[in-house]
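Peer 1: I'll drop the sequence and a predicted model, then ask my questions.
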Amino acid sequence: MFVVIYIPEFFLHAVLRAEAGLEKRPVVLIDAAEKKPLVLQLTVAARAVGITEGMTPTQALARSTLLQIKPRCAAQEKAATDTLLQCAYSFSPSIESTADGVCTLDLAGLPNLDHEALASEMVQRLATLHLPAQVGIGRNPWLALLAARAARPCCVIKNSTQFLNALPVEAIGPSPETLAILHKWGIHTVGQFVALGKEPLSTRLGPEALALHERAVASSTRPLKLVRPPQIFEETIAFEHEIETIEPLLFILRRFLEQLLVRLEMMYWVAQELRLRFRFESGDPYEKTFRIPAPTSNVETLFRMLHTHLETLRTEHPIVALELSATPGRAINHQFGLFESVLRDPNHFHETLARLTALVGAERIGTPVNEESYKPDAFRIEPVSLEGSAGFQPAVSPTSSRLPLQLPRGPALLRFRPPTPARVQLAQGRPISVDSDLPSPWGCGTESSAHRTGSTGAGGEGQTGNVHRVHDARGPWRNSGQWWDKDQWRREEWDVQASDGRLYRLCHRPDGWFVEGVYD
């Protein structure tokens, strides 16, 4: 048995599937590349107001002021063809791209199937991809094609003779001249045409009648020219009016994303990477690739990724074209060890990082890494690596029987980042009072502002804050490094006990005095 999937008005629906609701409105398709464009295909609503094929756009607009005129788009037609082949391949490995909007499947070698249910499922699956299909099933490709053209929307031929006898003679494709002659003879069905006989027909109508008779009896079969569906998942649209706001873009992207994920699912793939392309009114292109940490087919996760990026995108020119493509991949399944840690949702983690990056900047998002330097608190921020983010191996195996060595240590220094500027009064080279604007712990035990007037040192003249006397001080500890580089550093550290009883770390650098932290 053979199956033919037929999409009527294919070129028109290849354009309509990009925008929701257009199929119910009066829309006509023209070939803008022609010197004199004419109406090629049209919707039912356009036909209802008196528009027909072959009219000029001006004549069509005269029939309806609500008419929309769409040009043919090769990229959208290719995307629709790829979608049709990918859908067909999900039902049978033996498929043929017979014509534009026509795909033939060979069901040989497949188990016994419920043909009516199979045809209905094909129609429903293509409907989710916004391609209205008609499906016919017959014992040879030609018979299945006739059934598909006559289907509403499914037709399974069980009695080929009875089906052909009732079929209009136009279905076998006679030329206009031959069709006019047959109508004059009173021949209106294929059964009446076959009843005339092969030899009388060839004598009166010539060689064309032999080919028509062969189609009418539909007794022969032919081998299919098998193809493999391309692993290209791409949707595109050229906007009739320029896009300047985010809402229309999100609406189109959501529709495209749903279509791409359905196509990927039919081929047993998930999305591994998304590529977003814009074309601006100025002609400049824009492209952004989204690497998905954990390949997925979850539309909400992928849509949030696109939405987050678009919220931060600013362009100088309006958008005239949009293209969204997906790179297929396999879902990742990890076999973790008993003591390995796992991210519950790596994609959600990636989305959170993207939102934080948009809020505070890329230079403030990352993993702190100690630098090879004697400079206190020297570290750098490295970008977060999403490779292997689905899980990680702990540095120390919890199965180890040896406990880590517990060394004695003093109080911990809780650092202020960034260090708080201070004004320090010195006597004989040692700090005797500190004036700093710290909300805590300097907010208690403050003394009179009279102590601020005679303070010396860097850190901002005239700064207001809280003055504390220093009861005891230890230091200085001087340190420096990178004398060979422009980033050389030099510092002098003091540990002081203030009048509130707390211990603080002071630091004197070339740019002034600072309170670096408090001891816990």
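Peer 2: Right, received. Where do you want to start?

Peer 1: Could you report the pLDDT at Arg409?
Peer 2: If you check Arg409, the pLDDT there is 69.

Peer 1: now do Asn466
Peer 2: Confidence score, pLDDT, at Asn466: 73.

Peer 1: And for Thr420?
Peer 2: 89.

Peer 1: Assess the claim that it and Ser436 are in contact.
Peer 2: Yes: when contacts are counted by Cβ atoms under 8 Å, Thr420 is listed as touching Ser436 (5.5 Å). All C-beta spots, glycine's among them, are computed from the backbone N, C-alpha and C.

Peer 1: Between those two, point out the one with more neighbours.
Peer 2: Ser436 (24 against 18; other Cβ atoms under 10 Å).

Peer 1: tell me the phi and psi of the more buried one?
Peer 2: In terms of degrees, to the nearest 10, the main-chain angles of Ser436 are phi -140, psi 150.

Peer 1: Now the common contact residues for Thr420 and Ser436.
Peer 2: Counting by Cβ atoms under 8 Å, 6 or more residues apart in numbering, the common neighbours of Thr420 and Ser436 are Val515.

Peer 1: Any regions of this structure where pLDDT drops low?
Peer 2: For the chain, applying pLDDT under 70 flags the ranges 332-347, 384-409, 438-465.

Peer 1: Need the outlier residue of it, farthest from its centre.
Peer 2: Within the chain, Gln428 marks the point farthest from the mean C-alpha position, 67.6 Å out by Cα atoms, centre = their mean.

Peer 1: any idea where the strands of the stretch 1-150 of the chain begin and end?
Peer 2: 2-6, 27-30, 39-42, 68-71, 95-99, 102-106, 134-138 (DSSP state E, counting those that start in this stretch).

Peer 1: Can you name every helix or strand that the second one contacts?
Peer 2: Helices and strands touching strand 27-30, by 3 or more Cβ pairs under 8 Å, 6 or more residues apart in numbering; DSSP states H and E, are helix 10-16, strand 39-42, helix 44-48, helix 57-63, strand 68-71.

Peer 1: Can I get the first one in PDB? Just the C-alpha atoms.
Peer 2: Extracted in PDB, the C-alpha atoms of helix 10-16 (Å, rounded to 0.1, in the frame of the first residue of the first chain):
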ATOM      1  CA  PHE A  10       1.000  24.600  -1.000                       C
ATOM      2  CA  PHE A  11       2.800  27.800  -1.900                       C
ATOM      3  CA  LEU A  12       0.200  29.900  -0.200                       C
ATOM      4  CA  HIS A  13       0.100  27.900   3.000                       C
ATOM      5  CA  ALA A  14       3.900  27.900   3.200                       C
ATOM      6  CA  VAL A  15       3.600  31.700   3.700                       C
ATOM      7  CA  LEU A  16       0.400  31.600   5.900                       C
END
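
Peer 1: which residues sit against that helix?
Peer 2: Against helix 10-16 from outside (Cβ under 8 Å, 6+ apart): 7, 22-23, 27, 29, 40-43, 70, 72-73, 76-77, 79-81, 100-101, 130-132.

Peer 1: same deal with the second one?
Peer 2: Counting by Cβ under 8 Å, 6+ apart, the neighbours of strand 39-42 from elsewhere in the structure are 9, 11-12, 26-31, 51-57, 60, 72.

Peer 1: Any of these buried? List them.
Peer 2: Buried members of the contacts of strand 39-42, counted by 16 or more other Cβ atoms under 10 Å: 9, 11-12, 26-30, 51, 55, 57, 60, 72.

Peer 1: Make CSV out of those residues and add distance to Leu126.
Peer 2: What follows is the buried ones among the contacts of strand 39-42, written out as CSV (distance: Cβ to Cβ, whole Å):
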residue, distance to Leu126
Glu9, 14
Phe11, 16
Leu12, 15
Pro26, 24
Val27, 19
Val28, 23
Leu29, 19
Ile30, 25
Ile51, 26
Met55, 29
Pro57, 30
Ala60, 28
Arg72, 21
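
Peer 1: Could you measure from the closest residue to Lys36 other than its chain neighbours over to Thr301?
Peer 2: Spatially, and ignoring its direct neighbours in sequence, Lys36 is nearest to Thr56 (7.3 Å; Cβ to Cβ, 6 or more residues apart in numbering). Thr56 sits 48 Å away from Thr301, going by Cβ to Cβ, to the nearest Å.

Peer 1: Which parts of the stretch 301-450 of the chain are helices?
Peer 2: Remark: helices assigned in the stretch 301-450 of the chain by DSSP state H, counting those that start in this stretch are 346-360.

Peer 1: Could you report the distance from Glu177 to Asp377?
Peer 2: From Glu177 to Asp377 the distance is 93 Å (Cβ to Cβ).

Peer 1: so which helix or strand takes in Glu258?
Peer 2: Assigned by DSSP states H and E, Glu258 belongs to helix 246-266.

Peer 1: helix/strand/coil for Leu201?
Peer 2: Secondary structure for Leu201, judged by DSSP: H, G, I helix; E, B strand; the rest coil, is helix.

Peer 1: pretty sure it is touching Pro207, no?
Peer 2: No: with contact defined as Cβ under 8 Å, Leu201 does not reach Pro207; the gap is 10.6 Å.

Peer 1: Which element, helix or strand, includes Thr178?
Peer 2: Secondary structure from DSSP H and E places Thr178 in helix 176-184.

Peer 1: Equivalent analysis for Pro223, please.
Peer 2: Applying DSSP H and E, one finds Pro223 in no helix or strand.

Peer 1: ok so, going back, out of the strands of the stretch 1-150 of the chain, nearest to Glu247?
Peer 2: strand 68-71 (20.4 Å; Cβ to Cβ).

Peer 1: For the closest residue in space to Ser325 that isn't next to it in sequence, grab the count of nearby residues.
Peer 2: Closest residue to Ser325 apart from its sequence neighbours, by Cβ to Cβ, 6+ apart: Glu234 at 4.0 Å. When neighbours are defined as other Cβ under 10 Å, Glu234 has 20 of them.

Peer 1: Using the three-state scheme, assign Glu234.
Peer 2: Per three-state DSSP, Glu234 ends up strand.

Peer 1: correct me, but it touches Leu322?
Peer 2: No: counting by Cβ under 8 Å, Glu234 sits too far from Leu322 to count as a contact (11.3 Å).

Peer 1: Check which helices and strands whichever strand or helix holds Ala294 sits against.
Peer 2: Taking DSSP H and E as the criterion, Ala294 maps to strand 285-296. Contacts defined by 3+ Cβ pairs under 8 Å, 6+ apart place strand 285-296 against strand 270-280, helix 299-312, helix 346-360.

Peer 1: Give me the angle between it and helix 299-312.
Peer 2: 150 degrees (axes from the mean of the first three to the mean of the last three Cα atoms, to 10 degrees).

Peer 1: Same question for strand 285-296: list its buried residues.
Peer 2: Phe290, Ile292, Pro293, Ala294, Pro295, Thr296.

Peer 1: Can you tell me which of these is nearest Pro383?
Peer 2: Pro293 (13.5 Å).

Peer 1: Tell me how far that closest one lies from Glu199.
Peer 2: 72 Å.

Peer 1: now Val4
Peer 2: Relative to Glu199, and taking Cβ to Cβ, Val4 is found at 31 Å.

Peer 1: okay, those two: which has more neighbours?
Peer 2: Each of Val4 and Glu199 has its neighbours counted (other Cβ under 10 Å); Val4 has more, 27 against 11.

Peer 1: how close does that one sit to Pro141?
Peer 2: For Val4, the distance to Pro141 - Cβ to Cβ - is 7 Å.

Peer 1: list residues touching both of these two?
Peer 2: If you check Val4 and Pro141 against Cβ under 8 Å, 6+ apart, the residues they both contact are Thr98, Thr104.

Peer 1: hang on, the earlier thing: between Leu201 and Pro207, who's got more neighbours?
Peer 2: Higher neighbour count among Leu201 and Pro207: Leu201, with 21 against 8, using other Cβ under 10 Å.
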